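Student: using only what follows, build the 3D model:
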Amino acid sequence: MSAIDHLIHANETYAATFPGPRPLRPKLRMTVIACMDSRLDLFGALGLDIGDAHLIRNAGGVVTDDVLRSLALSQRTMGTREVVIIHHTECGMLDLDDDLFRAQLADESGHPPPWRVPGFTDLPADVRKSIATVRECLWIPHREDIRGFVFDVATAEIEEIS
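Tutor: Below is the predicted model:
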């Protein structure tokens, strides 16, 4: 059985006990921006239920133009207000050399990617940078309640970064 077949089977089981649709707007009026890392169970770690918050995930939880696009939509059309940014220990983006990575892709394909892969060397500093990026984005109407954290993949504890 492939991994995709496993997902299909799991969905059949889930759908059989599905309680029905949830409201369109997130109940907690919150958006969580986090890394795509499979070790981060945001629902369990943050006590979230389906329908509580929007989750925006990408490599490193980096606040890219696409993240800002999604956040602007989340706030302007779905009523979210608070923003939580979560980076984590042992992240694959730690110490990633963007120029080297992009050069490898260009060498292999013959085409340089149009996007950047901004790695980082200091987790707390990058969380602060991400908070500042959201706060400075004029398309985001609600920029007062933005908090950042580092999730420890070994303990599942979060540490707030001020």
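Student: residue contacts, the closest residue to Asp97 other than its chain neighbours?
Tutor: Computed as C-beta to C-beta, 6 or more residues apart in numbering, the closest residue to Asp97 that is not its neighbour in sequence is Gly119, at 6.5 Å. The way it works is simple: take the backbone N, C-alpha and C, and place the C-beta from them, glycine included. Residues counted as contacts of Gly119 (C-beta atoms under 8 Å, 6 or more residues apart in numbering) are 60, 93-98, 101.
Student: please identify the buried residues of stretch 30-49?
Tutor: Of the residues in stretch 30-49, 30-35, 37, 40, 42, 45-46, 48 count as buried by neighbour count, 16 or more other C-beta atoms under 10 Å.
Student: an error on my part: the question was meant for stretch 61-70.
Tutor: Of the residues in stretch 61-70, 61-64, 67-68, 70 count as buried by neighbour count, 16+ other C-beta under 10 Å.
Student: same question for stretch 121-130.
Tutor: Across stretch 121-130, burial judged by 16+ other C-beta under 10 Å covers 123, 126-127, 129-130.
Student: show me where the protein has helices.
Tutor: Remark: helices assigned in the chain by DSSP state H are 3-16, 42-46, 65-78, 98-109, 123-136.
Student: as TSV, those helices with mean pLDDT and distance to His88 would be great.
Tutor: Output for the helices of the chain, formatted as TSV (pLDDT from 0 to 100; distance: least, C-beta to C-beta, whole Å):
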stretch	mean pLDDT	distance to His88
helix 3-16	95	23
helix 42-46	97	10
helix 65-78	97	16
helix 98-109	95	19
helix 123-136	97	8
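Student: ok so, going back, let me know the closest of the buried residues of stretch 30-49 to Glu157.
Tutor: Proximity to Glu157 was ranked across the buried residues of stretch 30-49 by C-beta to C-beta; first place goes to Ala45, at 8.8 Å.
Student: and the nearest residue to the closest one once chain neighbours are set aside, what's its pLDDT?
Tutor: Take Ala45 and drop its neighbours on the chain: the residue closest to it by C-beta to C-beta, 6+ apart is Ala156, 5.6 Å away. For Ala156, the pLDDT comes out at 97.
Student: tell me how many other residues surround Ala156.
Tutor: 12 (other C-beta atoms under 10 Å).
Student: distance of it from Arg147?
Tutor: Separation of Ala156 from Arg147 (C-beta to C-beta, to the nearest Å) stands at 18 Å.
Student: need the buried residues of stretch 61-70 in TSV (columns: distance to His111).
Tutor: What follows is these, written out as TSV (distance: C-beta to C-beta, whole Å):
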residue	distance to His111
Gly61	27
Val62	22
Val63	26
Thr64	20
Val67	24
Leu68	26
Ser70	26
